[in-house]
Structures are given as C-alpha cells and as structure tokens.
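1. need a 3D model of the following:
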Amino acid sequence: MKRFIHIVGLLLVLCVAAVFFMRYADPERDSSASFTNSPSEELLLVNADNPLPQDYRHENLINLYDQKNKHFQLAKADIEVCEAVYQAMDAMFAAAQKDGVKGFIITSGYRSREEQKEVFSTSADGISAKPGESEHETGLAFDVTAYGNENFELTPQFQWLSKHCAEYGFIIRYPKDKEDVTGVPFEPWHYRYVGTPHAKEIMDEGITLEEYLERQ
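-> All right, here's what the predicted structure looks like:
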C-alpha cells in the first residue's frame, strides 16, 4: 500500500512539473505575451514601450491600388492595409463624399520592418518611430492628406474626419496635447483602426489608446 501511494505521489509531482515547464519554458510564448493578452488585435498597442515582435506581419493585407471604385486617391500604387481597415476606410470616405467633402489622398499604410528602418534613417527631424515601434507595421493605420493644402489640420477633410472617424472604427491616434501620453506630437493625418465601439468611447472622451487600454 505504501509503495502504491509513493508511486501515485511521484506521478502527481511529474505532472505538475510538466505543466510548469510548458507554461514558462517556451520562449516564443514569453516574447509575444504582451500581444496575446490584448483584448483583440484591433486594440494592439504599439509604441516605444510596446514594440512589435521582429517577425510580426498581419496576414490579411490588401493593395489599395487594386481595389475598384474606391472613394479616395492614392499618393503611390503600392500602399497596403488590412482588409478590414480598407472596408471601413472606404465606407468612411464614401460618407464624406456624400457630405460634399472630397479630395482625400492616402499617403501611407502598411510598412515592413525594413521600410520602417528606411523611414527612420532618413527622418531629418527624428520624429519618425523606430523600427518595431510604428503602427504602420501593423497594417491597422493609414496617413491621409488633401489636395492643395499642406496643413491638414486646417482642411475641411480633417474637420469631417475628426467628427465622424469613430463611426467607422477609427481614432486620431496622436491627438493634440497628448504627447506626454503617446510620446508622439499631434498628427492630424494619422488614423488607427480599433473597431467602432472602442473608437467611439476613445474619441468621445478625448483620450488616447494608451489611456483606454489602462481601463480594460
């Protein structure tokens, strides 16, 4: 009987040890913990304190040039974003067009790690994000401008987007007077897809993605 109890006890110890090893000894799991713990990929936080894994790449990227009957223009032919982002942004710009606001030009979308390295290395002002710390590497963000105006903040296009972007799941990712939170100066041209419920709360309360995620 004592021998049987001893064997059972030994088996229990081995089982506990195996579970512990699988949970904590997997380096791949540890390296991506900050991302798998996010409520969803839409709320993926990317900044200097939360860089992307070296091999991160969204699987559902599409080329905007290839999309027919889109309601915006492109600054170049190789811009990509996630498919869900394209669907939302095209619906958004179509609504703006119905309101008489046109002339949106997408200047940037997804960037690979190598492309972000090049952008960072050629940034004269040093403001561009370091490789791995840019939302453009997620495919969830895009930059936009308008015809004939270098200051996007003063355009009718920006005024419309600032009022309506949340209805389509977008936020102004780097709002004015929030540099101490985001670490990035005001960028009226940079929009990030987070999904409609999240976007409405963020924009209605005038907070950042960082502040929103702290509540979750």
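
2. all helices for this protein, in order.
-> 2-24, 27-31, 33-36, 83-98, 113-121, 156-164, 179-182, 196-205, 209-215 (DSSP state H).

3. tell me what angle the fourth one forms with helix 196-205.
-> With axes from the mean of the first three to the mean of the last three CA atoms, to 10 degrees as the criterion, the two stretches helix 83-98 and helix 196-205 enclose an angle of 50 degrees.

4. show residues contacting helix 83-98.
-> 60-62, 64, 67, 70-72, 81, 102, 104, 106, 109, 139-142, 157, 160-161, 164-165, 167-170, 191, 193 (CB atoms under 8 Å, 6 or more residues apart in numbering). Placement of C-beta: from N, CA and C, glycine included.

5. how far does stretch 107-122 stretch from one end to the other?
-> 17 Å (CA to CA, to the nearest Å).

6. what's the average pLDDT for that stretch?
-> Mean pLDDT, stretch 107-122: 90.

7. and for that stretch, what are the contacting residues?
-> Under CB under 8 Å, 6+ apart, the answer for stretch 107-122 is 54, 57-58, 61, 64, 75-76, 79-82, 85, 128-132, 134, 136-139, 141-145, 189.

8. let's see it at 6 Å
-> 61, 75, 79-81, 128, 130-131, 134, 136-137, 139, 142-143, 145 (CB atoms under 6 Å, 6 or more residues apart in numbering).

9. counting neighbours, what do you get for the closest residue to L45 other than its chain neighbours?
-> Leaving aside its chain neighbours, L45 sits nearest to L213 (5.8 Å; criterion: CB to CB, 6 or more residues apart in numbering). Using other CB atoms under 10 Å, L213 is surrounded by 18 other residues.

10. how much space separates L213 from S40?
-> 11 Å (CB to CB, to the nearest Å).

11. try S123
-> If you go by CB to CB, the gap between S123 and S40 works out to 31 Å.

12. check R215 too.
-> 15 Å.

13. and S123 and S40? which has more neighbours close in?
-> Comparing S123 with S40 by other CB under 10 Å, the one with more neighbours is S123, at 12 against 9.

14. could you give the number of residues near E214?
-> Around E214 there are 10 residues (other CB under 10 Å).

15. also H71?
-> Counted with other CB under 10 Å, H71 comes out at 16.

16. what's it in contact with, if anything?
-> D90, F93, A94, Q97.

17. try I105
-> When contacts are taken as CB under 6 Å, 6+ apart, I105 is in contact with Q73, A75, T145.

18. would you map out the domains in the protein?
-> 1-31, 33-215 (automatic domain parsing).
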